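[1] Below are the sequence and a predicted model for it; my questions follow.
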Amino acid sequence: MSANSLSRRRILSLWLPRLPIDRIQRFFNGALGKSNTPSIVVIKDNNALVIHALDEAAERLGLHIGQPLANARAMCPDLKVFDADVVADAKTLSDIADWCDRFTPLVALDPPHGLFLDITGCAHLFGGEAALLQTLVRALARQGFAVSAAIAGTSVCARTLTRQASGSIVADGGEAEAIRRFPLSALGASEAITTGLRRAGLKTIGDVASREPHEITARFGARFSMLLAHALGQGDAPISPRKPLPDYIVEKRFAEPIATDTMIAMTLSRLADTLIASMEKQGKGARRLEAAFFRTDGVVRAIMVETGRPVTRSVVVDRLFRERLDALADPLDPGFGFDMVRLSASRTEIVVQEQRDLDAHVHDNDELSALIDRIAARIGGKRVDVHLPQDTHIPERAVLAAPAQHHLAAAMQAEWPARVESEPPLRPLRLFDKPEPIKVPFATVPDGPPHQFTWRRALHAVVRVEGPERIAMEWWRQDGRQLTRDYFRIEDAEGLRFWIFRDGLYEGEAFDGDGKPVSPNWYVHGLFA
């Protein structure tokens, strides 16, 4: 075999022609028992209900996709009819794609009821292409799906074969000969192009392939010409995998499924050793790790953990996944057991060597990062934040909350305004997300502080005041609706200290609909300790 042929891709195309009705019947067969009544799924098309999918019994009666429901009922009065649910169908196809990840991580959707699997270089793990195809088809058939599959060097050729010659495996370079006899409709081109070719006397793919490419392009466009070339094995457009390919991936398959927590933990630990060893050879550490558990009934459960620093020790990976598994609200249900466990590193970074024995600061950072990783694994990375200063004087914008795992280094190096010795703090310890309105009956002067105010139905008498501190809104970030604020540090008779502000300048920004000055609104924005 030449080096060129070794580099050629091998694509397995899956087609589930009865997916909508198979999905429904799987549910009813489990809940009500198997039924032999002809069943169809209908969908609205041009204000009429037409057949969207049908089972084998309905097909034997002569019903077909696109047929009006009224005609179908006339042919079969006992017909069982279900409404289409394209969202549920898409979810089922996505679940099947997750299950197909056990064969290759490169799985792409072929809507509405198909999948592409790039099996280049991995078919030998399953006994060859023929054994892989049979294993996949039989497994899906046991789950209650009608399935058609084929393997070729291009996705278009493989897709065409699934519609016309299920089970075909075309050798590299044999695509043109394999599909030559098939009708033009098998290519999946538009109805207008298919009709135009038939009128020109071209009824099969071979008829069209015998004509000069420039003739086809001139009459039917470059897009159809490219589709035809790909079907004939002359180049191919890349498939778009549902998930990006991980940087590193290791997996363990089991002849006898595992179901105990001990075996699951032991498997993850061994996979972590192998994964870390592979990354260590290239001087890399993991920042995002995912463990996928494949159940024998086709259900796939994936668990992901992230780290603030590149992980280079398997014991850390093991501990993070133990924390994550222990904290799951929906426990990991093994069902009848997992027949495969996969551990992958979807994000890695080059590890920078640092002096850790003599530098106490670096050691403290490592411990803090490890603590954040463990907390994030248990409660979620979005719930562990650090605060970063922002270059603005607007109070609610002066601090940005960011995930600690990704911004710990920036938070450690951040410079905050220094507090003046022997002076009270200028900003409250607790700042409200949204300022809360207060009622101020009157102020000492139009621009002065209040004597008393009501907040949360409690009256507060003001005994001490510091301010005002005037803060104008950033005109380049707003359209003039935000007003100038005068902030006051207030202490009431009970010793509570508030940070309040008047929203707008009296006789300067606060006016009624007739243009007359009105009393501005007051708000409490925070509480001092």
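    Nice, thanks for sending it over.

[2] so the nearest residue to residue 326 once chain neighbours are set aside is in which element?
    Leaving aside its sequence neighbours, residue 326 sits nearest to residue 378 (CB to CB, 6 or more residues apart in numbering; 7.4 Å). In this view, the C-beta of every residue, glycine as well, is placed from N, C-alpha and C. Assigned by DSSP states H and E, residue 378 belongs to helix 360-379.

[3] gap between the next helix-or-strand element following that helix and the chain center?
    Counting by DSSP H and E, the next helix or strand C-terminal to helix 360-379 is strand 385-389. Mean-position distance between strand 385-389 and its chain equals 26 Å (CA atoms, centre = their mean, to the nearest Å).

[4] which SS state does residue 343 fall under?
    strand (DSSP: H, G, I helix; E, B strand; the rest coil).

[5] how many neighbours does it have?
    Counted by other CB atoms under 10 Å, the residues lying close to residue 343 total 25.

[6] Tell me which helix or strand the residue lying closest to it once chain neighbours are set aside sits in.
    Excluding its sequence neighbours, the residue lying closest to residue 343 (CB to CB, 6+ apart) is residue 271, at 4.0 Å. Secondary structure assignment for residue 271, by DSSP H and E: helix 261-280.

[7] now for that helix, which elements pack on it?
    Packing partners of helix 261-280 (3 or more CB pairs under 8 Å, 6 or more residues apart in numbering; DSSP states H and E): strand 248-258, strand 284-295, helix 314-326, strand 338-350.

[8] Can you check which of the ones you listed gets nearest to residue 81?
    strand 284-295 (32.9 Å; CB to CB).

[9] I'd like to know which elements the following helix or strand past that closest one is packed against.
    Next along the chain after strand 284-295, taking DSSP H and E as the criterion, comes strand 300-311. Applying 3+ CB pairs under 8 Å, 6+ apart, one finds that strand 300-311 makes contact with helix 86-100, strand 284-295, helix 314-326, strand 338-350, helix 360-379, helix 404-413.

[10] who touches the shortest one?
    For helix 404-413, the surrounding residues in contact (CB atoms under 8 Å, 6 or more residues apart in numbering) are 306-308, 365, 368-369, 372-373, 376, 381, 384-388, 402.

[11] Can you point out the buried residues in that helix?
    Burial within helix 404-413, assessed by neighbour count using 16 or more other CB atoms under 10 Å, is assigned to 404-405, 407-408.

[12] tell me the centre residue of this structure?
    residue 243 (8.6 Å; CA atoms, centre = their mean).

[13] ok, so what distance separates it from residue 299?
    17 Å (CB to CB, to the nearest Å).

[14] before we move on, what about residue 306?
    In terms of CB to CB, residue 306 sits 24 Å off from residue 299.

[15] which one of the two has more residues nearby?
    residue 306 (21 against 16).

[16] quick one on the thing from earlier: nearest to residue 134, of the buried residues of helix 404-413?
    residue 405 (44.5 Å).

[17] That closest one: what's its closest spatial neighbour, skipping adjacent residues?
    Nearest to residue 405 is residue 308, by CB to CB, 6+ apart, at 4.1 Å.

[18] residue ranges of the strands in the stretch 1-150 of the chain, please?
    Assigned by DSSP state E, counting those that start in this stretch, the strands in the stretch 1-150 of the chain fall at 11-15, 39-45, 48-54, 80-83, 107-110, 114-118, 148-152.

[19] Tell me which of the ones you listed sits nearest to residue 430.
    Counting by CB to CB, residue 430 lies closest to strand 107-110 out of the strands of the stretch 1-150 of the chain; the figure is 48.5 Å.

[20] could I have the closest one exported to CSV, CA atoms only?
    Below are the C-alpha coordinates for strand 107-110, written out as CSV (Å, rounded to 0.1, in the frame of the first residue of the first chain):
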residue,chain,number,x,y,z
VAL,A,107,-18.1,12.1,14.9
ALA,A,108,-20.1,14.6,12.9
LEU,A,109,-23.8,15.1,12.4
ASP,A,110,-25.4,14.5,9.0
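
[21] quick check, distance from that strand to the centre of its chain.
    With CA atoms, centre = their mean, you get 15 Å for strand 107-110.

[22] sorry, back to before: tally of neighbours for the residue nearest to residue 405?
    Neighbours around residue 308, by other CB under 10 Å: 24.

[23] Just list the residues touching it, thanks.
    369, 372-373, 404-406, 408.

[24] Now distance to residue 441 too, for these, in JSON lines please.
    Listed next are these as JSON lines, based on distance: CB to CB, whole Å:
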{"residue": "369", "distance to residue 441": "53"}
{"residue": "372", "distance to residue 441": "48"}
{"residue": "373", "distance to residue 441": "53"}
{"residue": "404", "distance to residue 441": "45"}
{"residue": "405", "distance to residue 441": "49"}
{"residue": "406", "distance to residue 441": "48"}
{"residue": "408", "distance to residue 441": "48"}
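
[25] Any idea how many residues pack against residue 336?
    Residue 336, neighbours per other CB under 10 Å, totals 11.

[26] And the one 4 residues further on, by the same measure?
    The local packing count at residue 340 equals 19, with neighbours defined by other CB under 10 Å.

[27] One more: the one 4 residues further on?
    Other residues within reach of residue 344 by the criterion other CB under 10 Å amount to 23.
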